[in-house]
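Student: This is the structure alone, sequence omitted:
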């Protein structure tokens, strides 16, 4: 368990599908932040990197260190294409994740998480974290185990209330079976489901226990944080407190439900986290959402936080995995403020609000994204539901007829995007189809245009190290002295309208 002194002031957020890749996490860690890789769909990311020929050699080098060589050899024989696939050749897809995946699919998940964490930790002694979504449950346990095999230092998880994750970390560290309650829709009274992963079913224990990583929950309210602190089945080490200005998915507004994009602004004072309540918990916490400046970091410290989590600032830096041409375009538009970030209440199949970037002059971009031929061939956001034949899966972003046949409701499908495929396209790993390549989907926090402050005038870009240096000021060797009460704090720092 890390002490307060060991925790950094900055957490580099775990964004998107591999936007926070191993290169970004490694660079952020070397600069003094907690470097974090995204664990979402990381198995598909590894498969596609190998099919592109692994031009850097990093995937193959990491697999050489995987502690189960036969698994690594089989992965290479089945997925690696020397020289890479042809540009017009589609990627081979993995079988869709579900509660009863075969052994090879489980082993691939474990190896993929190992590879990303191993590479992020390579060449330095700083701490590395991995970010998962509670909403995506079926890959979670083998993914955690794979990251722990690589020595991951911190696990971060949001998009739900991950009560069972701390206990799962305890058990997996000892190579013991771990279980999660499986959230299945349409269950009958008394019906329940669990996901189970027993490491010994797949891997031998050739040494002692694994290191148990620290656990940070990503939350939007102190109520959820209190629930986790009191009721989680193991140790919770701190919280990332994310408000509605952050990128990606947001918690729904507390005073309004079932919104569409026509309803207008929906977030208000009730959606601003109560930082005094977080301080009272006595655990470290970081503030996320429009936090990418030295002033925001100072304000966070004065409000009792350990520091800030930054997503957007790192998302468009040199080391992130967003396709270079997209980064150049966004940076150029940010410098001239030709960008808008909107909260889309309809885009995500999860039902959560989702931040979407609109680029001035590309008015047909959203129409093209919505007009995509509906194909659900990755399945990470499918929702499990109970049937008389067992658990089945459906996604509001799949073909409408298929969704309705599975018992879904047509209003759920309106204006849904395929986040799985389109976020992969954002990092240059989009599927090639007869109808054309998948279109990228950009998400960011509301402060997107503020990334212009990080841009080096000579290169027109910026590094992860530059973000850390500017936000921390480098000259700041210790925290500002905190005010003794709320009244004195307000004299020193202008009270924020949302999170600091």
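Tutor: In hand now; what should we look at? Since the model is a prediction, treat every value here as computed from it, not as a measurement.

Student: Point out where the stretch 351-500 of the chain drops to low pLDDT.
Tutor: 474-500 (pLDDT under 70).

Student: ok now do the nearest residue to residue 221 once chain neighbours are set aside, which residues does it touch?
Tutor: Excluding the flanking residues, the one nearest residue 221 by C-beta to C-beta, 6 or more residues apart in numbering is residue 273, at 6.0 Å. All C-beta atoms are positioned from the backbone trio N, CA, C, and that covers glycine. Neighbouring residues of residue 273 by C-beta atoms under 8 Å, 6 or more residues apart in numbering: 220-222, 241, 243, 499.

Student: Confirm that residue 273 sits in a helix.
Tutor: No. Under DSSP: H, G, I helix; E, B strand; the rest coil, residue 273 falls outside any helix and is assigned coil.

Student: mind checking pLDDT for it?
Tutor: We have a pLDDT of 82 for residue 273.

Student: rewinding a little: highest neighbour count among the contacts of residue 273?
Tutor: Tallying neighbours with other C-beta atoms under 10 Å puts residue 241 at the head of those, with 30 neighbours.

Student: how near is the nearest residue to residue 133 once chain neighbours are set aside to residue 220?
Tutor: Of all residues not flanking residue 133 in the chain, residue 159 sits nearest, at 4.1 Å (C-beta to C-beta, 6+ apart). Look at residue 159 and residue 220: by C-beta to C-beta, to the nearest Å, they are 10 Å apart.

Student: buried sites along stretch 447-463?
Tutor: For stretch 447-463, the neighbour count (16 or more other C-beta atoms under 10 Å) marks 447-451, 453-455, 461-463 as buried.

Student: before we move on, back to that, now the contacts of residue 273 in TSV, with distance to residue 108?
Tutor: Output for these, formatted as TSV (distance: C-beta to C-beta, whole Å):
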residue	distance to residue 108
220	33
221	36
222	39
241	34
243	36
499	38
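
Student: of these, the lowest pLDDT goes to which?
Tutor: The model is least sure about residue 499 among these, giving it 34.

Student: Just confirm the residue nearest to residue 133 contacts residue 250, I think it does.
Tutor: No. Applying C-beta atoms under 8 Å as the test, residue 159 and residue 250 come out as separate, 10.1 Å apart.

Student: Now do the contacts for residue 372.
Tutor: Residue 372 touches 417-418, 421-422, 438-439, counting by C-beta under 8 Å, 6+ apart.

Student: most neighbours, which of the residues you listed?
Tutor: Of all the contacts of residue 372, the highest neighbour tally under other C-beta under 10 Å goes to residue 418, namely 27 neighbours.

Student: and the closest residue to it other than its chain neighbours, how many residues sit next to it?
Tutor: Spatially, and ignoring its direct neighbours in sequence, residue 418 is nearest to residue 397 (4.8 Å; C-beta to C-beta, 6+ apart). Neighbourhood size, residue 397 [other C-beta under 10 Å]: 26.

Student: and residue 397, what is it in contact with?
Tutor: 349, 374, 376, 381, 413, 416-419.

Student: now with 7 Å?
Tutor: 349, 374, 376, 416-418 (C-beta atoms under 7 Å, 6 or more residues apart in numbering).

Student: May I have the phi/psi pair for residue 376?
Tutor: With angles defined as degrees, to the nearest 10, residue 376 sits at phi -120, psi 90.

Student: Run through who's touching stretch 165-177.
Tutor: Here stretch 165-177 has contacts from 141, 144-145, 148, 155, 157, 178, 180, 196-200, 205, 209-213, 215, 232-236, using C-beta under 7 Å, 6+ apart.

Student: do stretch 12-21 as well
Tutor: 24-25, 28, 33-38, 40-42, 45, 130-131, 156, 248, 288, 309-311, 314-315, 320-322, 423-424, 426-427, 443.

Student: so where's the stretch 51-200 of the chain shaky on pLDDT?
Tutor: For the stretch 51-200 of the chain, no range has pLDDT under 70.

Student: for it, what spans make up the strands?
Tutor: 128-133, 154-158, 178-181, 194-197 (DSSP state E, counting those that start in this stretch).

Student: With the stretch 351-500 of the chain instead?
Tutor: 354-359, 383-387, 390-394, 432-433, 436-437.

Student: nearest to residue 64, of those strands?
Tutor: The closest of these to residue 64 is strand 432-433. By C-beta to C-beta, the value is 29.5 Å.

Student: hmm, who's touching the closest one?
Tutor: 88-90.

Student: try 8 Å this time
Tutor: Residues contacting strand 432-433 (C-beta under 8 Å, 6+ apart): 87-91, 373, 375.

Student: quick one: it to chain centroid distance?
Tutor: Computed by C-alpha atoms, centre = their mean, to the nearest Å, the chain-centroid distance of strand 432-433 equals 25 Å.

Student: mind listing what that strand pairs with, with the direction of each?
Tutor: strand 436-437 (antiparallel) (DSSP bridges).

Student: if we can go back for a sec, narrow the contacts of stretch 12-21 to those in strands?
Tutor: Counting by DSSP state E, the contacts of stretch 12-21 place 35-38, 130-131, 156, 288, 309-310 in strands.

Student: Highest neighbour count among those residues?
Tutor: So for the ones in strands among the contacts of stretch 12-21 (other C-beta under 10 Å), the most neighbours sit at residue 35, 34 neighbours.

Student: I'd like to know how far that residue sits from residue 211.
Tutor: 17 Å.

Student: How about residue 126?
Tutor: 15 Å.

Student: And those two? Which one has more around it.
Tutor: residue 126 (19 against 12).

Student: returning to that earlier point: common neighbours of residue 159 and residue 250, please.
Tutor: residue 352.

Student: Between the two, which is the more surrounded one?
Tutor: A count of neighbours by other C-beta under 10 Å puts residue 250 above the other of residue 159 and residue 250, at 23 against 17.

Student: what residues are up against the more buried one?
Tutor: So residue 250 contacts 220, 242, 244, 343, 352-355 (C-beta under 8 Å, 6+ apart).

Student: ranking those residues by neighbours, who comes first?
Tutor: Busiest of the contacts of residue 250 [other C-beta under 10 Å] is residue 242, holding 28 neighbours.

Student: ok, for it, nearest residue in space, not its chain neighbours?
Tutor: Closest to residue 242 by C-beta to C-beta, 6+ apart is residue 288, at 4.1 Å.

Student: now, of the strands of the stretch 51-200 of the chain, which is deepest in the fold?
Tutor: strand 128-133 (a mean of 27; mean count of other C-beta atoms under 10 Å).

Student: That one vs strand 154-158, what angle?
Tutor: Here strand 128-133 points in a direction 20 degrees away from that of strand 154-158 (axes from the mean of the first three to the mean of the last three C-alpha atoms, to 10 degrees).
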